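**Q** pasting the structure only:
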């Protein structure tokens, strides 16, 4: 009986580990050199990416030339290479 309880607990923990909170089991590092961002006023910013971060909810924080932009992912293109 104890084995079944342990098996159920372990199975539940594994399921939470694999599917919980938009987390990845294998963390892959993506490198992008260039970004093109469209701002709400229509201005387009293009430049070398110093750093970037992906937030849950489709938001990206991108630093170009020392300026930090928080944009929706549909308004940004990250280019690797």
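**A** Happy to help now that I have it. It should be emphasised that the depicted structure is a prediction, and the values quoted were computed from it without experimental measurement. Residues are numbered from 1 along each chain as shown.

**Q** where's residue 74 relative to residue 12, distance?
**A** Applying C-beta to C-beta, to the nearest Å, the value for residue 74 to residue 12 is 36 Å. (C-beta placed from N, C-alpha, C; glycine too.)

**Q** Touching, residue 70 and residue 57? I think so.
**A** No. Look at residue 70 against residue 57 with C-beta atoms under 8 Å: they stay out of range, at 11.1 Å.

**Q** between the two, what contacts are shared?
**A** Counting by C-beta atoms under 8 Å, 6 or more residues apart in numbering, residue 70 and residue 57 have no common neighbour.

**Q** show me what contacts residue 1?
**A** Taking C-beta under 8 Å, 6+ apart as the test, residue 1 contacts no residue whatsoever.

**Q** how about residue 77, what does it touch?
**A** By C-beta under 8 Å, 6+ apart, the residues touching residue 77 are 35, 36, 37.

**Q** Can you report how many residues lie near the last one?
**A** This points to residue 37. 19 (other C-beta atoms under 10 Å).

**Q** host element of it?
**A** strand 34-38 (DSSP states H and E).

**Q** Whichever helix or strand comes after that strand pairs with which strands?
**A** Once the chain leaves strand 34-38, the next helix or strand it forms, by DSSP H and E, is strand 44-55. Strand 44-55 pairs in its sheet with strand 34-38 (antiparallel), strand 59-64 (antiparallel), by DSSP bridges.

**Q** for strand 44-55, what is the average pLDDT?
**A** The average pLDDT for strand 44-55 rounds to 92.

**Q** Buried residues in that strand, which are they?
**A** Neighbour-count burial for strand 44-55 flags 45, 49, 52 (criterion: 16 or more other C-beta atoms under 10 Å).

**Q** Ok, stretch 54-71 next?
**A** So, applying 16+ other C-beta under 10 Å, buried residues of stretch 54-71: 60, 62, 63, 64, 69, 71.

**Q** Would you point out which residue is most central in this structure?
**A** The chain has residue 54 as the residue nearest its centroid, 3.1 Å off, counting by C-alpha atoms, centre = their mean.
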